[in-house]
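# here is my input, please return the structure:
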Amino acid sequence: MKLLESLPLVRLPRWAGAHDASPLLTREWLVTNGRGGYASATVAGLNTRRYHGLLVAALPSPLGRHVMLNQLWEELTLPGGEPVALGGREHGAALDLAGAAYLQEFRLEAGLPVWRYQVRDWVLERRVLMPHEHNSTYIAYRVLASPGGRAHLRLRPSLHFRGYEQPVDTPLREDYQCQSDGHRCEVSAGGPEPPLRLRTYGPQCAFQLAPQQESELVFRVEAGRGYQSVGALWSPGEFEVALEAGSYFGLAASTEQWEALDSLAPADAFEAELERRTTLLKLAAVADPVAAELVLAADQFIITPTGRPQEAARARAAGEEVRTVIAGYHWFTDWGRDTMISLEGLTLATGRYREAGYILRTFAHYVRDGLIPNMFPDGGTEGLYHTADATLWFFHALQRYHTLSDDQHALPELLPVMRGIAARHLGGTRFGIGVDPADGLLRQGAEGYQLTWMDAKVDDWVVTPRRGKAVEINALWYNALRLLADWEEEVGDGGGAEVWRAHAARVASAFNERFWYEAGGYLYDVVDGDHGDDSALRPNQVFAISLDYPVLHPHRWEQVLERVRAELLTPVGLRSLAPGHPDFKTRYTGDLRTRDAAYHQGTVWGWLIGPFLDAWLRVHPNDVAGARSMLEGLLEHLDEFGVGSIAEIFDAEEPFTPRGCIAQAWSFAEALRCLRRIRKLEGGRS
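A predicted model of the protein is given here:
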């Protein structure tokens, strides 16, 4: 683990140790297992979301992700003293954060969370880990300091077996059963889920069977998002362990078999994970601590899906493995668009070329009617295909992979698939996606569907339908045609190259004629839409400059970029709509309908800083310092919201409050990709 030891990979958030309790309720931590499962809660230990839990297991289809262990109530009793709660809870109208007074420090070490509590002269450390590709969570405790004597730590596991999307007021099961042999117990509920197995590690520990139910627990973030926010938990009993100076104690919660838990003690699990993380850093060849942090955090999103066994069998038969990308935690699954946009930052910028190839081949297997899936529902085995841009991003991702990896087989193998995709777009495919024979531009749109990345929908209301010819769709289409022509010459028979170039030339001519909005000095967002041409100033036009083959004429690049910079650029990404537009929303808050009304109507998206910086450096190749400064806001954001993570979105105006998912794949991917690019331009190792 020399590389980990040589890099100061400790993130001590600026607010850590402050007596103001509010950061402890608004900052969240996340640990993942490489299968889509995770553990997550607030720093204070409260579960404020339905998605929070110490073990959210990724179970085979049709179950999907399930909350199996919600919380662990911790109570420390010093010799001859009163019991002290180390965490917190919100029960009815009462918020109890007394335990926060004992939290002296919260930090991340190599991306893993560590808490340090001090109760008088006793100092106790807690760590949380999920072994890679195991539906298990390990919680380890160590006494760092004590004046002597013996203290006692009581741990009461509380649970509510349910799908992680189910509301918190879902009724508790009436048939929970627990079996225990003193240092381990097994909880089952007679349902389709596997049992929850709890095992302790360390001397002088005993489990006491004492079932109880706690009701009226408040999940405050759910309340703020307009969902059911009061629920109940059930507990089978409590573990009690005696602690002395230097004591080390561990608890594992798992849906794996007992053999897995019996063979892997907490110390071994932590050692194995640190070795794995050292390997990731070696693959990425990083020397910069911030880039190293992002490399380890990016690992959270690359998973082996558990819910599609036929896919895994097919891949193994071909001598490969299945990989995909979780778009965001806590609630996203694997999305085609997010995967293809994130591929370079998550895998190629981190040296994980083999997994990048697995991902591309996985999605190539799912091409239907010229489209890759928009997303795979949690617990499902078949993809949903309602997307107009994910497939075009597939071309971009393949080109990046072909350029940066040494895989000489992928492009010849996938070229027939890419030809077929282009042919289906020329002839027309699902959801009204197809080329307009009148001008060669790509149009899309079907009633009731949101087909671009601006895909908010509430019931039957599509917030930003963008039906017609969208600016980024046609920038991507032109790029795809040009790449296809190159590939035909490189690994094909060369015969089709001129045909694809002719289609691309027609697209470029029509694009520059139709999309230029003279009165504004920028590009229309949609032409030939439901209501004509849409002149809303949005970030989508940046792709006409940023892609490998920019479709916009160069003499207009600087003017377009300046408008985008002046009205859309923020310290944490680009606004999705310019201020002053009638539909502009400043904040992403409230119930689902209110939030989705703002989702792409001003809300800032962190991932868009990537294409903006690509375009900026294309126009201003010597302004590396300026490009570097545009990343600072996202890097400073690592201390807030999801600690060590980059959020999905931010409010459109100061203070640019983070919202949505606490950890979003393409936010991470683009920040890491751009940081490494800038480091190389600065002449240093990244």
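# residue contacts, Glu344?
Going by C-beta atoms under 8 Å, 6 or more residues apart in numbering, Glu344 touches Ala397, Arg400, Leu404, Ala669, Arg673. C-beta coordinates here come from the backbone N, C-alpha and C atoms, glycine included.
# list buried residues within those residues.
Among those, those classed as buried by 16 or more other C-beta atoms under 10 Å are Ala397, Arg400, Ala669, Arg673.
# in JSON lines, list the residues you listed along with distance to Tyr449, secondary structure and pLDDT.
Below are those laid out as JSON lines (distance: C-beta to C-beta, whole Å; DSSP: H, G, I helix; E, B strand; the rest coil; pLDDT from 0 to 100):
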{"residue": "Ala397", "distance to Tyr449": "23", "secondary structure": "helix", "pLDDT": "98"}
{"residue": "Arg400", "distance to Tyr449": "28", "secondary structure": "helix", "pLDDT": "97"}
{"residue": "Ala669", "distance to Tyr449": "26", "secondary structure": "helix", "pLDDT": "97"}
{"residue": "Arg673", "distance to Tyr449": "30", "secondary structure": "helix", "pLDDT": "97"}
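# can you pick out the most distant pair from those?
Farthest apart among those by C-beta to C-beta are Ala397 and Arg673. That separation is 12.2 Å.
# list the buried ones in the strand or helix carrying Leu483?
Assigned by DSSP states H and E, Leu483 belongs to helix 471-491. Residues 471-488, 491 are the ones in helix 471-491 that count as buried (16+ other C-beta under 10 Å).
# same check, this time on stretch 138-148
Neighbour-count burial for stretch 138-148, with 16+ other C-beta under 10 Å as criterion, is recorded at Tyr138, Ile139, Ala140, Tyr141, Arg142, Val143, Ser146.
# check stretch 237-245 too.
Gly237, Glu238, Phe239, Glu240, Val241, Leu243.
# how about stretch 618-637?
Applying a neighbour-count criterion of 16+ other C-beta under 10 Å, one finds Val624, Ala627, Arg628, Met630, Leu631, Gly633, Leu634, Leu635, His637 buried in stretch 618-637.
# would CSV of these with pLDDT, secondary structure and distance to Leu12 be doable?
As requested, the buried residues of stretch 618-637 are exported to CSV (pLDDT from 0 to 100; DSSP: H, G, I helix; E, B strand; the rest coil; distance: C-beta to C-beta, whole Å):
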residue, pLDDT, secondary structure, distance to Leu12
Val624, 96, helix, 29
Ala627, 96, helix, 28
Arg628, 95, helix, 24
Met630, 96, coil, 25
Leu631, 96, coil, 21
Gly633, 95, helix, 20
Leu634, 95, helix, 19
Leu635, 94, helix, 15
His637, 94, helix, 16
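# ranges for the strands of the stretch 1-150 of the chain?
Assigned by DSSP state E, counting those that start in this stretch, the strands in the stretch 1-150 of the chain fall at 10-11, 28-32, 38-42, 53-59, 64-69, 71-77, 83-85, 89-91, 94-96, 103-109, 112-119, 122-129, 136-145.
# again, but for the stretch 501-650 of the chain
For the stretch 501-650 of the chain, the strands defined by DSSP E, counting those that start in this stretch cover 516-517, 522-523, 526-529, 532-534, 569-570, 573-575, 604-605, 649-650.
# which of those strands sits closest to Leu426?
Using C-beta to C-beta, the strands of the stretch 501-650 of the chain put strand 526-529 closest to Leu426, at 17.7 Å.
# which secondary structure elements does that closest one contact?
Contact partners of strand 526-529 among helices and strands, from 3 or more C-beta pairs under 8 Å, 6 or more residues apart in numbering; DSSP states H and E: strand 469-470, strand 532-534.
# contact partners of the shortest one?
Read it as strand 469-470. Applying C-beta under 8 Å, 6+ apart, the contact partners of strand 469-470 are 388, 436, 441-444, 452, 514, 525-529, 540.
# repeat that for 7 Å
Leu441, Leu442, Arg443, Gln444, Thr452, Asp525, Val526, Val527, Asp528, Asn540 (C-beta atoms under 7 Å, 6 or more residues apart in numbering).
# report the central residue of this protein.
Among the residues of the chain, the one closest to the centroid is Gly328, at 2.4 Å (C-alpha atoms, centre = their mean).
# ok, that one - contacts?
Per C-beta under 7 Å, 6+ apart, neighbours of Gly328: Glu648, Cys661, Ala663, Gln664, Ala665.
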